[in-house]
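Participant: the amino acid sequence is not available; the structure is as follows:
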């Protein structure tokens with residue numbers, strides 16, 4: 001009962017903020033929280049959690065009410081490096097960070 005989100009174009013620091021909130025919650029409660037949270041990361045985590053619930057329901061024949069979030073890992077992935085030209089022929093770096101999400105559900 002796992003789901004992965006790979007190479008997601010958002011900083012892991014932003015994702016970890018909400019990961020701390022929903023870690024350990026019941027799957028249905030976390031799904032409702034993420035559905036109405038007004039941030040980009042909430043929509044991304046909603047999709048990964050919904051995928052994990054669907055996997056548990058169809059592959060493992062689990063009831064939705066008995067599922068809770070066991071493991072939620074947000075890992076740093078590739079950093080795309082871009083440059084912004086500034087005065088005197090210099091460059092300032094722009095780091096576009098990406099993340100990997102690993103979400104695992106367990107039944108109580």
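Facilitator: Nice, thanks for sending it over. Not measured: the values here are computed from a predicted model.
Participant: sec struct for the residue nearest in space to the middle of the chain, please.
Facilitator: Residue closest to the mean C-alpha point of the chain, counted by C-alpha atoms, centre = their mean, is residue 45 at 4.0 Å. Three-state secondary structure (criterion: DSSP: H, G, I helix; E, B strand; the rest coil) places residue 45 in helix.
Participant: any buried residues in the longest strand along the chain, and which?
Facilitator: As assigned by DSSP state E, the longest strand anywhere in the chain is strand 67-85. By 16 or more other C-beta atoms under 10 Å, the buried positions in strand 67-85 come out as 67-69, 72, 74. Using the backbone N, CA and C atoms, a C-beta is placed for each residue, glycine as well.
Participant: a markdown table for those residues, including distance to residue 6 and pLDDT?
Facilitator: Shown next, in a markdown table, are these (distance: C-beta to C-beta, whole Å; pLDDT from 0 to 100):
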| residue | distance to residue 6 | pLDDT |
| --- | --- | --- |
| 67 | 22 | 95 |
| 68 | 23 | 95 |
| 69 | 19 | 96 |
| 72 | 15 | 95 |
| 74 | 12 | 96 |
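Participant: done for today, thanks.
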